[in-house]
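> here are the coordinates; sequence isn't available:
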């Protein structure tokens, strides 16, 4: 891709007269399109008119939106040349390779959508440098390694979605230091260890999906009471958790989805938690039959 972009640049009129920074952006746009099989979109027109490229009033690239285009190829390292990039959306394609570490140099980046591709490799510790990132969706890929502890620098992060990868490691305390986190989905990975009490310190967390991992131990009794009052959906099913549901879960008055089936729980769900189906918003309780005695809502229990 770089070769084709360089050959094109040699004869491109705009490249000959552009300033250094404008030339960098135009070259990077050409490399990106050639890398993803969209070389036909590279033309003499301004790069802001090319497929998927969005710009601001000053003609700086601020968004790349190429979702669901059946694209193949990889994300080029030249992506770092889009210094004003705020949105990168390449979801639902057939993009392979790794996430280039240069992407983490983009200080204006707020939204990353790389879901449903064929990406591999690790999530770089540089993720913690994306101070303005709000949404990071890289689910349904084949990423490995662990989630970098540097994420505790991401004060603006609201959505962290890594579902269905091959991520390992443990739930570390950094998750509890994300002041804006609202939606956390780490399901269908190979995450081990216990449910850390620090997780409850993420004061805006409402949607928690940790199902289909290798989590062990019991549910923390020391989870912050306010944590219970704000949770709306929690999936812990298909792990190796033991013990039972603490009585304190009766304070989950905003909860509407609770899935805890296919674990190693032995204790009956407390009656006070069952009462949430009558006095709060709980509409789904999915548990194994031998611990679910909550009446009608347990009719669809799991053996």
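It's in. The model shown is predicted, which means the values in this text are computed figures rather than measured ones.
> partner residues bridging the residue nearest the centre of the chain?
The structure's the chain has its C-alpha centroid closest to residue 161; by C-alpha atoms, centre = their mean the separation is 2.1 Å. On the basis of DSSP bridges, residue 161 is bridged to residue 137, residue 185.
> helices or strands next to the biggest helix by length in the chain in the packing?
The helix spanning the most residues in the chain, taking DSSP state H as the definition, is helix 20-35. Packed against helix 20-35 by the contact rule (3 or more C-beta pairs under 8 Å, 6 or more residues apart in numbering; DSSP states H and E) you find helix 2-11, helix 13-17, strand 61-65. Glycine gets a C-beta too; all of them are placed from N, C-alpha and C.
> mind putting those in CSV, distance to residue 153 and mean pLDDT included?
Output for the helices and strands packed on helix 20-35, formatted as CSV (distance: least, C-beta to C-beta, whole Å; pLDDT from 0 to 100):
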stretch, distance to residue 153, mean pLDDT
helix 2-11, 32, 93
helix 13-17, 37, 88
strand 61-65, 23, 98
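> can you tell which of those is closest to residue 295?
With C-beta to C-beta as the criterion, residue 295 lies closest to strand 61-65 of the helices and strands packed on helix 20-35, at 48.0 Å.
> Rounded mean pLDDT for whichever helix or strand comes after that closest one, please.
Counting by DSSP states H and E, the element after strand 61-65 in chain order, helix or strand, is strand 72-74. Taken as a whole, strand 72-74 has an average pLDDT of 97.
> how close does residue 229 sit to residue 249?
11 Å (C-beta to C-beta, to the nearest Å).
> more neighbours, those two?
The neighbour count for residue 229 versus residue 249, taken as other C-beta atoms under 10 Å, is higher for residue 249 (20 against 12).
> Am I right that that one falls within a helix?
Yes: under DSSP: H, G, I helix; E, B strand; the rest coil, residue 249 falls within a helix.
> How confident was the prediction at the closest residue to it other than its chain neighbours?
Nearest residue to residue 249, sequence neighbours excluded (C-beta to C-beta, 6 or more residues apart in numbering): residue 273, at 4.9 Å. The model reports residue 273 with a pLDDT of 83.
> just to revisit the earlier point, looking at the helices and strands packed on helix 20-35, spot the one closest to residue 97.
Of all those, it is helix 2-11 that lies closest to residue 97, at 14.2 Å by C-beta to C-beta.
> neighbouring contacts of the closest one?
Outside of helix 2-11, the residues within contact range by C-beta atoms under 8 Å, 6 or more residues apart in numbering are 15, 23, 26-27, 30-31, 34, 39, 42, 76, 78.
> ok, of these, which one's closest to residue 113?
Using C-beta to C-beta, the contacts of helix 2-11 come closest to residue 113 at residue 76, 17.4 Å.
> In this structure that closest one contacts residue 27, no?
No: with contact defined as C-beta atoms under 8 Å, residue 76 does not reach residue 27; the gap is 10.6 Å.
> For the stretch 151-300 of the chain, which segments count as strands?
Under the criterion DSSP state E, counting those that start in this stretch, the stretch 151-300 of the chain contains strands at 159-161, 183-185, 207-209, 216-217, 233-235, 240-243, 257-259, 264-265, 284-286.
> Now tell me what touches the fifth one from outside.
Contacts of strand 233-235 with the rest of the structure, by C-beta under 8 Å, 6+ apart, involve 187, 206-211, 255-259.
> Filter those down to the buried ones.
Among the contacts of strand 233-235, the ones that count as buried by 16 or more other C-beta atoms under 10 Å are 187, 206-211, 255, 257-259.
> that older thread, so which of the helices and strands packed on helix 20-35 is the most surrounded?
Between these, strand 61-65 has the highest mean count of neighbours, a mean of 20, where neighbours are mean count of other C-beta atoms under 10 Å.
> Partner strands of that strand and their direction?
Assessed with DSSP bridges, strand 61-65 is paired to strand 53-55 (antiparallel), strand 87-89 (parallel).
> need these in JSON lines with mean pLDDT and distance to residue 166, can you?
Output for the strands paired with strand 61-65, formatted as JSON lines (pLDDT from 0 to 100; distance: least, C-beta to C-beta, whole Å):
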{"stretch": "strand 53-55", "mean pLDDT": "98", "distance to residue 166": "32"}
{"stretch": "strand 87-89", "mean pLDDT": "99", "distance to residue 166": "22"}
